[in-house]
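Enquirer: From the sequence below, what's the structure:
(2 chains)
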Amino acid sequence: MAANNQELQNLVNYGLVKAHVAMGLIFFIIVALMGFIYSLQLDGIYPFPGIEFLSPGRVRMIHTAGAAYGFLVNMFTGLLYWAVPRFTGYKILSDALGWFMFIALQAAVLITVVAILFLGMADNVEWGETPWWLDPIIVFWLLLHLLQFGAPLFKASQRGPLYVTGWYVAAMLVWTPLVVFMGNLIPRFWAVGSGAGAVQSTFIHDLVGLYVTPVAWGLMYYFVPVIMKKPMWSHGLSLLGFWGLAFFYPMNGVHHFLWSPIPMFAQYSAVFATVAVEFAVTSVLINFMMTLRGSAEQLKYNVPLRYMYTGAIFYWITCFQCAFHVTLTFQKVIHFTDWVTGHAHLIMFGTFGLWVLGMAEYVWPRLFGKETMYSKGLSEGAYWLLMIGVFAMFVDLTAGGLVQGFDWIGLNPWIDSVNFSKPFWYFRSITGIMMITGLFMYALNFYKTATAKTGLTAELREA
Amino acid sequence: MGKMERFSFVALVAGIIFFLFADFISWALPMFVLKDIPKKSVEDLAAEAIAKNTTAWSDFNKLARYYPESFKKLCEYTEAYSGAGEVIKDCKPNEKTFAKALRIGHRWYIAEGCWNCHSQMVRPVSNETLRFGIPGVSNTVSYPSEFQNELQAPVLWGTKRIGQDLIRVAAVHDVDWHVAHLYNPQSTSPGSVMPGYPWFFEKDKNGNIVPNERGMALLTYIMWLGSWEVKPPKPFRIEVSEK
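Expert: Okay, here's the model as predicted:
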C-alpha cells in the first residue's frame, strides 16, 4: 500500500492539483458573489450605485467570463492533473510547464477583471468578454494545455485503446483552442453582422459543448467507476454517447439565434442537431444509471457520489428541456427571457458546478493524506443548500421567463413585464444567498481539511 | 472498434473533421450566402447618414449645438481601444467627428454591458414589429444588410431583454429623453431597474449637468440605432415625451 501510494505520488503532481482546485473554488465564490450583486440591481437595492467600476453591467461580465475562465478552467485543469496521469499511467509533459500555465491562467483572469471593471475594455461575445488582445494569449495557453495533457494520452494510446475518459479529453484538447480562436477572433476581424452572429452563437455553444461538457463527462467516466469500484455498465453505450456528442454537438450553436437574420438552413440544422444530441445524452445517462444499479445505497453516505448523480439528473433535465425549447415554436415565447437564464444556471451550476464540487471533495482529502473531509455536517449542509438553491432558482426563473414572454407577446406596456418579473427576481436573489452560503460552508470544510493537524479517518457505518 | 479508441483517431476525426464540418454548415455557408452584401466601415456609415440626412445626423448636430463645450472635448478625446486615436482639429459636426463619436459610443455601449439587458434584433414573431418602433414609421423585421457593418462585428443581437430592444430606438425617443434617461433612468421610466450612468455626465460652467465626451459619443451611438429606418425624417415623426 505504501509503495503503491509512493508510486501514485510520483505520477500525480499534487501541488498542481491543489493549486488549481483551490483557485477554482475561490473564483467560484467570487463569480457567485458577482452574480448575486448583479441580481440586487434588478431588486432595486444595488449596494454600489453610481460607482463606475462597480456598474452592474460590468459586474455581470465578470460573472460570466469569470465562471468560464476563473472557475471552470481552473477546476477542470486541476482535476485533469489528478485523473489523466492516473488512468493513463504516464506523467504529464512537464511540471515546470504546469506551474507556468497555472500562473499564466490566474494572470489572464486578473487582467480580464481589471480590463472589464476598470478600463472599460470588453468584447461583446458572451463567455468571451475578455478583451480581444487577450484572446490570442488564451489560444496559446490552450495549445500548451494540449501538449501538457496530450503527451500522456498519446503515450498510453501507443500501448492500446484509451479508456472512455481519454476519448473525451483527447477530443476536447483539440477542440478548445480551435473554438476560442474561432469565436473571439473571426467575428472581430473577418465576419460581420449575421455571419458574425452565426460564429458567435457557434462559439457560445461550443465552449460549453466542446470544452466544458467533454471534460466534465470524461471526469465523470473516471470518478464514478473509481468511487463505486466497478466498471461502467456498457462500453457500447459509452462509444455511442461519445461519437453522438462529437458529431452533433458542434452543429448546435445557431439555436441561440433562432428567428434571426441568419439563413434558415443553418437554423434548421441547429435545431435538428440539438434534438439529436438529446438522444446521445440519454444514452450516456442510461449508462450511468445502470452502473448505479445495485450500488444506490452509497448515495446515502457518499457525498461526492451524490453530487455527481444529482448533477447527472440535472443534466438530463436541462437536455430534455432543451429538446423542446430549441424548437422555433418555443423560441417565440422564451427567447430573451429569464427562462434561458434559468436553463444556463441549471447546467452550469446545477450540473457542472455540482460535479466539480463532488470530484474536488473526493480528491481534496486524498491530496493531504487524509481519508475524509473535516466535517460531515458542513459537507452535507453545503450539498443540500447548493442543490435546493440551484433547483429553486431554475424553477423560479423558468416560471418568470414564461411570464415575461407571454407579457411581451400581449403588447402590454414594457414596464409591466418588469414589474411582473420583480417577485421572481427577489426570489432568485434568495436562492443566490442559499447557494453562496453553501459555497462558503464547502470552502470552510476545504480549509479545515487542509489545515487539520490530525489525520482524519473515515467513520465506519453501523450496519 | 479499437481504432475508435485511439488518441490520433479521436483527435483527427472528432476533434478536427467533425468540428470543421459543423463550422462549415453553421457559419461558413451562411457567410457565403451573405457575401454579396457590402460590408460598411464606420466612415461609410457616417457618410451614408449625412448623405441621406437621417435622424442620426440631425441628432448629432443637435447634441453639438446643445453642448458645444462637450463637443469640443469629444474632438480632443482619444482612445486606442476603439480605434479613435486621433485629435480632430476641424471641430464641427462632419463625417470625421460623426464616425469618431460612433466608434467611441459603440465601445462604451459594449464596455458598460448594455447588450446584457438590451437586444438589437426585431424578430418576425411575437408581435415584435408592433412593439419595437412606431407603426407606420418603422415596423420592419431585422434584415441581414442592416447588420453588415463594422459596428456589428461582433454582432450585438444581445442575450436578454430586461429593457426594450434598441435596434429601432431612434424612432421611439428624442435625444433629450435619452440624456435624462441615461443620467437617471427612473426620472423618465418610473419602475425601471436600469442603473444610472452618472460618469457619462459632468457639471458645466453654469453648474448644469451635461453629457461629457464619452456621454456625447454614447448618445450619438444610441440615436444612430435604427435611424436608417426612420421614415419620414424627424420633423414629421410622432413625438413621444413624458411632459
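Enquirer: Could you list the low-pLDDT ranges of chain B?
Expert: Within chain B, the stretches with pLDDT under 70 are B:1, B:133-138, B:231-243.
Enquirer: do chain A as well
Expert: Within chain A, the ranges that satisfy pLDDT under 70 run A:1-5, A:8, A:455-463.
Enquirer: Which residue would you name as the spatial centre of it?
Expert: A:Phe352 (4.0 Å; CA atoms, centre = their mean).
Enquirer: For it, what are phi and psi?
Expert: When quoted as degrees, to the nearest 10, the phi and psi of A:Phe352 stand at phi -70, psi -40.
Enquirer: Ignoring the adjacent residues along the chain, who's closest to it?
Expert: Spatial nearest neighbour of A:Phe352, excluding adjacent residues (CB to CB, 6 or more residues apart in numbering or on different chains): A:Ala216 at 5.2 Å. The way it works is simple: take the backbone N, C-alpha and C, and place the C-beta from them, glycine included.
Enquirer: and the one you found, what is it in contact with?
Expert: Neighbouring residues of A:Ala216 by CB atoms under 8 Å, 6 or more residues apart in numbering or on different chains: A:76, A:351-352, A:355-356.
Enquirer: mind listing what B:Leu75 touches?
Expert: That one is not Leu; residue B:75 is Cys. B:87-89, B:91, B:97, B:100.
Enquirer: next helix or strand past the helix or strand hosting it?
Expert: Taking DSSP states H and E as the definition, one finds B:Cys75 inside helix B:68-76. Downstream of helix B:68-76, the first helix or strand assigned by DSSP H and E is helix B:95-111.
Enquirer: Run the contact check for the next helix or strand after that next one versus chain A.
Expert: Later in the chain than helix B:95-111, the nearest helix or strand by DSSP H and E is helix B:128-131. Yes: judged by CB under 8 Å from any CB of the partner chain, helix B:128-131 and chain A are in contact via B:128, B:130-131.
Enquirer: Out of the contacts of A:Ala216, which comes closest to chain B?
Expert: Of all the contacts of A:Ala216, A:Phe76 has the smallest distance to chain B: 17.1 Å, by CB to the nearest CB.
Enquirer: which non-adjacent residue is nearest that closest one?
Expert: Once flanking residues are discounted, A:Phe76 sits nearest to A:Val215: 4.5 Å by CB to CB, 6+ apart.
Enquirer: Show the contacting residues for the one you found.
Expert: A:76, A:80, A:168-169, A:172.
Enquirer: again, 7 Å this time
Expert: Contacts for A:Val215 were tallied using CB atoms under 7 Å, 6 or more residues apart in numbering or on different chains; they are A:76, A:80, A:169, A:172.
Enquirer: swap in A:Ala65?
Expert: A:112, A:127, A:129-130 are the contacts of A:Ala65 under CB under 7 Å, 6+ apart.
Enquirer: So which of these wins on neighbours?
Expert: Of all the contacts of A:Ala65, A:Glu129 has the most neighbours under the rule other CB atoms under 10 Å in any protein chain shown, reaching 28 neighbours.
Enquirer: A:His145 versus that one, what's the distance?
Expert: In this view, A:Glu129 and A:His145 are 20 Å apart by CB to CB, to the nearest Å.
Enquirer: could you pull out the helices for chain B?
Expert: B:7-9, B:19-23, B:29-33, B:42-52, B:55-66, B:68-76, B:95-111, B:128-131, B:175-183, B:185-188, B:213-224 (DSSP state H).
Enquirer: so of those, which one's packed in deepest?
Expert: Of all those, helix B:213-224 has the most neighbours on average by mean count of other CB atoms under 10 Å in any protein chain shown, namely a mean of 26.
Enquirer: distance of the closest residue in space to B:Lys89 that isn't next to it in sequence from A:Ala452?
Expert: Excluding the flanking residues, the one nearest B:Lys89 by CB to CB, 6+ apart is B:Cys75, at 7.9 Å. Distance, B:Cys75 to A:Ala452, by CB to CB: 64 Å.
Enquirer: Could you list the buried residues of the longest helix seen in chain A?
Expert: The single longest helix within chain A, with elements called by DSSP H, is helix A:414-451. Neighbour-count burial for helix A:414-451 flags A:414, A:417-418, A:421, A:424-425, A:427-429, A:431-432, A:434-436, A:438-443, A:445-446, A:449 (criterion: 16 or more other CB atoms under 10 Å in any protein chain shown).
Enquirer: Stretch A:163-173 too?
Expert: Buried positions in stretch A:163-173, judged by neighbour count with 16+ other CB under 10 Å: A:163-173.
Enquirer: One more: stretch A:138-145?
Expert: Residues A:138-139, A:141-142, A:144-145 are the ones in stretch A:138-145 that count as buried (16+ other CB under 10 Å).
Enquirer: From these, which land in helices?
Expert: Those of the buried residues of stretch A:138-145 lying in helices (DSSP H): A:138-139, A:141-142, A:144-145.
Enquirer: so which of those comes closest to chain B?
Expert: The closest of those, once distances to chain B are taken by CB to the nearest CB, is A:Leu142, at 12.7 Å.
Enquirer: show me the contacts for that closest one.
Expert: Each residue near A:Leu142 by CB under 7 Å, 6+ apart is listed here: A:176-177, A:180.
Enquirer: How about A:Pro136?
Expert: So A:Pro136 contacts nothing (CB under 7 Å, 6+ apart).
Enquirer: Can you pull the domain assignment for chain B?
Expert: Annotated domains of chain B cover B:1-33, B:41-236 [automatic domain parsing].
Enquirer: Make CSV from these and add distance to A:Val275 to it.
Expert: Listed next are the domains of chain B as CSV, based on distance: least, CB to CB, whole Å:
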stretch, distance to A:Val275
domain B:1-33, 15
domain B:41-236, 20
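Enquirer: returning to that earlier point: would you reformat the contacts of A:Val215 as CSV and include secondary structure and distance to B:Arg65?
Expert: What follows is these, written out as CSV (DSSP: H, G, I helix; E, B strand; the rest coil; distance: CB to CB, whole Å):
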residue, secondary structure, distance to B:Arg65
A:Phe76, helix, 56
A:Leu80, helix, 61
A:Val169, helix, 62
A:Met172, helix, 57
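Enquirer: tell me which of those is nearest to chain B?
Expert: Chain B has its nearest neighbour among the contacts of A:Val215 in A:Met172, at 8.2 Å by CB to the nearest CB.
Enquirer: and the closest residue to that closest one other than its chain neighbours, how many neighbours?
Expert: Of all residues not flanking A:Met172 in the chain, A:Pro214 sits nearest, at 4.0 Å (CB to CB, 6+ apart). Residues lying near A:Pro214 (other CB under 10 Å) number 26.
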